[in-house]
Structures are given as C-alpha cells and as structure tokens.
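Participant: next one to model:
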Amino acid sequence: GFTGSHFGREEEDRSVLQGAKLGQQAADDDGSGQIDQEEFVEAFGAALNLSKMQLVHLFMKIDVDGSGNIDWDEFSNYMFLERKQQRQEESVLKLTTQTFKDKNNPMNFHRGVCRQHHKTFQCSSAWITDSIWMPLHRLMVFASMDRSLSFYEYTRGSFELCGRVYTSVTRQDMGAPSCLTLVTQGTYDSETLLYGDMQGRVNMLNSKAYTVLPPRNLTLAEVTQLGEAHSDWVTQLKLVGELGTIASSGMDGCIKMFDFSTNRVRFSTRVHRKGCYGFAWCHAYSMIASCGAERDIHLSHGSTGRKIGVLQGHTSSVQHLVMHEKMMQLISISVDKVIKVWDLRNHSCSQTLIDEVSHRPENIIASVMFDHHRNRMVSADEQATVIVWDLHGGKICTVSSMAFDTAGRRLLSASIDGTVRIHNYNNGTLLKNFTHNDQKTEVTDVLYVSSGRRLPLVVAVGWLQKVLIWTETTIESRKDTMNVSDPRVMSGHEEDILCLSFSLPNTLATADAGGRIIIWNLFGGYFQK
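Facilitator: Coordinates of the predicted model:
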C-alpha cells in the first residue's frame with residue numbers, strides 16, 4: 001500500500017501538472033497547441049523572475065527537438081524531470097569539503113576532509129590489485145597483475161624496493177595475486193602474509209626472505225594453500241581473530257571460513273547470486289556483512305554462515321563495506337558514489353550521503369559493443385558519454401567538423417568515421433543521423449543550409465571526394481525516424497575535399513587538396529565554375 005507521503009506527493013504532482021497545463025494554454029496566444037520563443041518569454045517572464053536571456057536559454061532546454069516551438073509533451077516532461085531532480089537533491093546529503101548539515105539531525109554539522117598527496121612512485125607496469133602495510137617489518141607490499149609481490153621498505157619518508165617475488169612458476173594454474181591480508185600473533189610478535197589469487201586460491205606465504213633482490217620466483221615450499229579454493233577469483237581476505245579463522249570472499253558469490261591452524265575450510269556459504277565484492281566483520285554480533293553486484297547487503301552468521309537479514313537501499317552495485325564497531329554501524333559505498341550508514345541494531349539506514357565531486361577516474365564504463373562491419377569498438381560510460389574506438393590504432397574516432405543550424409539551436413557534427421549527426425546542444429538530445437551507402441571515410445567539413453521556403457539541407461564533404469546533400473524533413477511527430485538516408489551526390493573533385501562554403505541564394509563553393517575550387521548551384525546540382 002501507499003503511505004500518506006506517497007499520496008501527498010501524488011496530489012502535489014497533480015496540482016503542479018494542472019498549473020503547468022493552464023500556464024501553457026495561457027501562453028499559447030495563437031491557439032496552435034505550441035508555444036514559440038516570444039510567447040514563452042512574454043508569458044513566463046514575470047512568473048519565473050528571470051531575465052530575457054535566461055528565459056531564452058530555458059526555452060532552448062525545453063525545446064528538445066530544436067523546432068523553435070514547445071508542445072505539451074516537451075513542457076510536461078521538463079516539469080517532471082525538474083521535480084524529480086529537486087526531490088533527489090532534497091533527499092540526499094552531499095559529501096563535500098564544505099560544512100554541511102546532518103540529514104537526520106539538522107542541528108549537527110559535519111566537515112569532509114581532503115587528504116594531501118604525499119608521494120608517487122612507479123611500482124609496476126601492470127595493474128596493482130591490492131596493497132598492505134606490514135608494521136613489524138616496516139614494509140609496504142603491493143600485489144600486481146604481472147603476478148608479482150613487491151616489498152618496499154619505508155625509511156625517512158621514502159619507499160625503496162627491497163624485494164620482489166613472482167607466483168607464476170609456483171604452480172602452472174596459479175593466478176595473479178588479487179588481495180592481501182596479515183595474520184598476526186600477540187602484539188605483532190610475528191606476522192604472516194596471505195594472498196588470494198585469481199584462480200580462487202587462498203595462499204599463505206611461508207618465506208621470510210622479503211628483502212631479497214634481484215626478483216625471483218617462489219618455490220612450492222614457500223607457499224601453502226588453505227583449504228578448498230573458490231571457483232572464481234578471491235576478492236577479499238580478513239583475519240577473524242576470535243574464531244581463529246581466515247574469511248574470504250570471491251567472485252563465485254561464496255564466503256569461506258578457513259581454519260588457520262588446520263588449513264581446512266570450516267564452512268562455505270553462497271549468499272550472493274553474482275560476484276561478492278567484499279565483506280566486513282562485526283565482532284559484537286559475530287556477523288558477516290557482505291556486498292556484491294546485486295545492490296543488496298547480506299548479513300550472515302559468522303559461525304554457521306546462516307543468513308540473518310538483507311539491507312536494501314542502494315541502486316547500484318555495492319563496492320565496499322566498513323564496520324564501525326563502537327557505534328554499531330555499517331558503512332557502505334556503491335559504484336555510483338552513494339554512501340550509506342546502516343544501524344545494525346534495527347537494520348535500518350540512518351544516513352545517506354552522495355559525493356558529486358568528479359574524481360579520477362570519474363567515469364565507469366557501463367557497456368561495450370563491437371561493430372564488425374567497420375572493425376570499431378563503441379563504449380559508453382555512466383555519464384552518458386559514447387566513444388567510438390579504432391581497433392587498429394587504438395584511437396578515438398573524433399569529431400572532425402561542426403556547424404550550427406540557422407537558428408543556432410542545434411549542433412551539426414561529423415566524425416572521422418564518416419558519421420554525421422545533429423543534436424540539441426542545450427540538452428544533448430540526438431535528433432537525426434545522416435547516413436549514406438558509400439565508403440565510410442572522414443568528413444572534413446559540414447554545413448547547414450536554409451534558403452527561403454526550401455526544406456533545410458545538410459551538406460558534407462571529405463575524403464570521399466563527393467558532395468553529399470541530405471534534405472532534413474520537418475519534425476512533426478516524435479515517431480519520425482532518426483535516420484535520414486539516400487543523400488543527393490554531386491561529383492567533380494579528384495582529390496580529397498577539405499572545405500566548403502555557401503552564399504545565398506544558391507551558390508556552394510568547395511575546395512580540394514589539389515587546389516581546385518568548384519562553384520556549384522546547390523539546388524540545381526551542376527557546375528557553375
């Protein structure tokens with residue numbers, strides 16, 4: 001059922017929608033069902049308390065198709081999107097370096113802290129998978145995708161490489177180290193390094209020769225495998241001292257408890273249908289909280305692996321968990337940079353924070369596809385950026401030319417892969433794709449031509465040595481196709497065409513790499529000079 005707040009929001013949305021409809025009808029002076037820019041500025045100037053320039057920019061944002069008129073669909077969609085964004089901003093707490101209020105208690109204030117960069121040094125040419133500090137030996141250990149464990153000694157504020165071992169020859173099927181942990185006894189009387197690998201094994205490093213150079217391969221005698229391996233790579237290891245076990249999680253969705261004294265698996269439980277990214281141990285409740293790709297946080301009993309509960313609230317995969325034992329709180333962070341604080345006493349979310357500051361890498365690749373026709377790869381990230389890659393050279397298929405339409409509301413762009421598109425540059429909406437059946441070569445220049453009562457034209461030239469002319473049909477319905485094909489072609493150049501220019505009423509000039517300039521009648525399609 002719906003709560004009172006849901007009913008209140010629904011009634012509020014209905015009221016806003018009715019008011020927007022009345023405002024749109026009042027602004028439509030000519031009764032066409034659409035509002036042009038002048039009607040919009042005149043009708044909403046006083047109500048919104050904005051300058052004429054600000055109203056013009058707002059009109060361009062609402063005018064998704066760039067037609068110069070706003071219909072009811074565009075108007076209502078913009079209203080709903082604005083209200084959704086406003087509610088999201090009201091319901092979350094931003095984590096910034098400025099002072100901000102606590103979401104749950106407005107009388108409390110918090111302040112984020114930015115750590116200063118200390119030192120950068122090159123550890124390996126391969127991807128670093130994990131690192132750990134060994135306080136007894138005063139060593140910093142790095143695990144890398146090249147199957148190396150690198151040991152750096154910290155002295156006088158600097159890190160010096162003092163040892164490096166490789167796990168590649170120990171066993172033929174041993175994978176690269178993916179995570180690290182330490183097993184200590186007493187007050188750091190001894191410490192043993194354990195690492196999980198990408199073949200699912202949990203390994204104990206018996207060797208004490210950490211500070212041995214040159215780099216060498218580990219022998220079988222220096223590595224001990226603990227219990228039965230995961231069926232996929234190990235994502236996290238942690239010592240659970242009170243149980244005398246080593247807990248591990250893997251991309252097979254399982255959590256295993258290894259008995260450190262017997263090197264056997266005490267229990268194994270699969271709490272995730274997909275990969276498990278990590279976990280946190282709660283000493284007070286003898287409980288494991290684990291996270292993965294399913295967006296939910298699973299709570300399991302630490303001695304039996306029996307499922308206790310589920311914490312739901314994240315809208316993206318949860319990447320990492322941290323336990324705050326003193327406050328009985330669990331802190332989780334998801335891949336969309338949303339941080340949640342959970343009260344383990346009642347399994348409720350007590351605080352939500354969002355970090356909207358861009359960090360590097362600020363984008364996460366969401367999808368990758370392969371174009372087998374042109375041998376190109378297309379990738380898209382979570383900020384809605386689409387990049388086309390040339391697999392032969394590894395280069396991005398960049399934009400080679402741009403032009404505005406006559407009204408300056410739409411942006412025409414061409415790429416080195418031969419694609420021509422038109423966008424509403426105020427909100428980024430793709431409006432049209434212009435295609436042809438010739439060889440897909442670089443477009444060097446593109447032009448939007450609007451002359452009198454004729455339909456607008458899109459003209460493109462490039463390495464094809466031809467002039468391609470598309471007629472842009474009027475956008476009268478949202479159901480119209482985005483693709484405009486079968487361009488008119490004008491031939492005459494024998495070299496790559498580099499640029500073009502148009503002069504009213506019908507003159508088009510093109511120039512090629514051989515120095516030849518041709519003057520065309522654009523609408524007649526023949527040479528003038």
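Participant: pull out the buried residues from stretch 205-223.
Facilitator: 205, 210, 218, 222-223 (16 or more other C-beta atoms under 10 Å). Glycine gets a C-beta too; all of them are placed from N, C-alpha and C.
Participant: quick check, nearest of those residues to Phe523?
Facilitator: Within the set of the buried residues of stretch 205-223, Leu218 lies nearest Phe523; the separation is 76.5 Å, counting by C-beta to C-beta.
Participant: so what sits opposite Tyr195 in the bridge?
Facilitator: Beta-bridge pairing for Tyr195 (DSSP bridges): Leu180, Asn203.
Participant: who's in contact with it?
Facilitator: The contact partners of Tyr195, taken as C-beta atoms under 8 Å, 6 or more residues apart in numbering, are 130, 143, 149, 177-181, 202-203, 205, 237.
Participant: now for the buried residues of stretch 205-223: which two are most distant?
Facilitator: Put simply, by C-beta to C-beta the two of the buried residues of stretch 205-223 set farthest apart are Tyr210 and Val223, 14.0 Å from each other.
Participant: surely Lys52 and Val41 touch.
Facilitator: Yes. Taking contacts as C-beta atoms under 8 Å, Lys52 lies within contact range of Val41: 6.0 Å.
Participant: count of residues packed around Val322?
Facilitator: As a burial measure, Val322 scores 14 neighbours (other C-beta atoms under 10 Å).
Participant: same thing with Ser303?
Facilitator: Under the criterion other C-beta under 10 Å, the count of neighbours that Ser303 has is 15.
Participant: what of the one 4 residues further on?
Facilitator: With neighbours defined by other C-beta under 10 Å, the count for Lys307 comes to 12.
Participant: picking that back up, of Lys52 and Val41, which one has the most company?
Facilitator: Just comparing Lys52 and Val41: by other C-beta under 10 Å the higher neighbour count belongs to Val41, 20 against 10.
Participant: so which elements touch the host helix or strand of the more buried one?
Facilitator: When elements are defined using DSSP states H and E, Val41 is found to belong to helix 37-48. Secondary structure elements in contact with helix 37-48, counted by 3 or more C-beta pairs under 8 Å, 6 or more residues apart in numbering; DSSP states H and E, are helix 4-27, helix 52-62.
Participant: what's the angle from the last one to helix 37-48?
Facilitator: If I follow you right, that is helix 52-62. 110 degrees (axes from the mean of the first three to the mean of the last three C-alpha atoms, to 10 degrees).
Participant: residues contacting the very next helix or strand once past helix 52-62, please?
Facilitator: The element immediately downstream of helix 52-62 (helix or strand, assigned by DSSP H and E) is strand 69-70. The set of residues that contact strand 69-70 without belonging to it, under C-beta under 8 Å, 6+ apart, is 24, 32, 34-36, 40, 59, 62-63.
Participant: with stretch 197-206 instead?
Facilitator: For stretch 197-206, the external contacting residues (C-beta under 8 Å, 6+ apart) are 149, 167, 173-178, 183, 192-196, 218, 221-227, 229-234, 237, 246, 248, 250, 252, 256, 258, 263.
Participant: can you give me the buried ones in it?
Facilitator: Under the neighbour-count criterion of 16+ other C-beta under 10 Å, stretch 197-206 has 197-205 buried.
Participant: which among the residues you listed gets closest to Asn437?
Facilitator: Proximity of these to Asn437 (C-beta to C-beta) peaks at Met198, which lies at 46.3 Å.
Participant: which non-adjacent residue is nearest the closest one?
Facilitator: Computed as C-beta to C-beta, 6 or more residues apart in numbering, the closest residue to Met198 that is not its neighbour in sequence is Gly175, at 3.4 Å.
Participant: what about the one you found, how many neighbours?
Facilitator: Quick note: Gly175 (other C-beta under 10 Å) scores 19 neighbours.
Participant: what's the closest non-adjacent residue to Leu50?
Facilitator: Per C-beta to C-beta, 6+ apart, closest to Leu50 is Leu58, 7.0 Å.
Participant: my guess is the one you found contacts Ser51. True?
Facilitator: No. With the criterion set as C-beta under 8 Å, Leu58 and Ser51 do not qualify as a contacting pair; they are 10.4 Å apart.
Participant: between the two, tell me which one has more neighbours.
Facilitator: Neighbours around Leu58 and Ser51, counted as other C-beta under 10 Å, are more numerous at Leu58. The numbers are 17 against 11.
Participant: pLDDT score assigned to the more buried one?
Facilitator: For Leu58, the model assigns a pLDDT of 79.
Participant: one more: Gly33?
Facilitator: Turning to Gly33, the model gives it a pLDDT of 74.
Participant: distance of it from Asp71?
Facilitator: If you measure Gly33 against Asp71 using C-beta to C-beta, to the nearest Å, the figure is 6 Å.
Participant: ditto for Leu55
Facilitator: Taking C-beta to C-beta as the measure, Leu55 falls 18 Å from Asp71.
Participant: how many neighbours does the spatially closest residue to Lys440 that is not a sequence neighbour have?
Facilitator: Computed as C-beta to C-beta, 6+ apart, the closest residue to Lys440 that is not its neighbour in sequence is Gly418, at 3.6 Å. The number of residues packed around Gly418, counting by other C-beta under 10 Å, is 22.
Participant: next one: the one 4 residues further on
Facilitator: Using other C-beta under 10 Å, Ile422 has 25 neighbouring residues.
Participant: quick check: which element contains it?
Facilitator: strand 420-424.
Participant: run through the neighbouring helices and strands of that strand.
Facilitator: Here strand 420-424 touches strand 410-415, strand 429-434, strand 457-462, going by 3+ C-beta pairs under 8 Å, 6+ apart.
Participant: and the first one, how far out from the chain's middle?
Facilitator: Which is strand 410-415. On the basis of C-alpha atoms, centre = their mean, to the nearest Å, strand 410-415 sits 24 Å off its chain's mean C-alpha point.
Participant: how big is the angle separating that strand from strand 429-434?
Facilitator: 50 degrees.
Participant: partner strands of strand 410-415, with direction?
Facilitator: Strand 410-415 has the following sheet partners, assigned by DSSP bridges: strand 399-404 (antiparallel), strand 420-424 (antiparallel).
Participant: show me what counts as buried in the first one.
Facilitator: The neighbour-count check on strand 399-404 (16+ other C-beta under 10 Å) flags 400-401, 403 as buried.
Participant: check the offset of that strand from the chain's centre.
Facilitator: Taking the mean of its C-alpha atoms, strand 399-404 sits 26 Å from the chain's own mean (C-alpha atoms, centre = their mean).
Participant: contact partners of it?
Facilitator: Outside of strand 399-404, the residues that reach it under the criterion C-beta under 8 Å, 6+ apart are 410-416, 442-448, 462.
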